[in-house]
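**Q** Provided below for reference: sequence and predicted model.
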Amino acid sequence: MVANVYRPLSDNLLLSPEPMETESAGGIILPEICHSHPGVATVLAVGPQVRDIQVGEKVIYDHDQTTWLADDQFLLPVDQIIGVCY
């Protein structure tokens, strides 16, 4: 199967989410509500108006305005990025 290629427009980012933890280090199963907090994703592509974020960086994002394209890719406006992980 050939993977779809997407090019974000304007100030959007194409992201791939990091897997969410379903169990704590102590073995406690985390409820679904824990997954509504900000997530971490890898930047796959940036729109032409994005200046401060580069491909390959890991970012912390808010889930509110995600547009899912596939199970492992979504578009997000840059103003929904909370921070960059170093």
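**A** Ah, there it is. Numbers count the residues shown, from 1 in each chain.

**Q** Which strand in the protein has the most residues?
**A** Ranked by residue count under DSSP state E, the longest strand found in the chain is strand 39-46.

**Q** Val40 contacts Glu18, correct?
**A** Yes. The pair Val40 / Glu18 is scored as a contact, 4.4 Å apart, by Cβ atoms under 8 Å. (Glycine included, C-beta is placed from N, CA and C.)

**Q** Now do the shared contacts for the two.
**A** With contacts taken as Cβ atoms under 8 Å, 6 or more residues apart in numbering, the residues that reach both Val40 and Glu18 are Lys58.

**Q** Now find how far off-centre the helix or strand bottoming out on mean pLDDT in the chain is within its chain.
**A** Least confident helix or strand of the chain, by mean pLDDT, DSSP states H and E, is strand 67-70 with a mean of 84. The chain centroid and the centroid of strand 67-70 are separated by 11 Å under Cα atoms, centre = their mean, to the nearest Å.

**Q** and Asp79, that one's in a helix?
**A** Yes. According to DSSP: H, G, I helix; E, B strand; the rest coil, the state of Asp79 is that of a helix.

**Q** show me the contacts for it.
**A** With the criterion set at Cβ under 8 Å, 6+ apart, Asp79 makes contact with Asp11.

**Q** any low-confidence regions in the protein?
**A** For the chain, the stretches with pLDDT under 70 are 1-4, 20-24, 29-37.

**Q** swap the cut-off to 90 and go again
**A** Applying pLDDT under 90 to the predicted model, the residue ranges of the chain that meet it are 1-6, 18-39, 62-72, 86.
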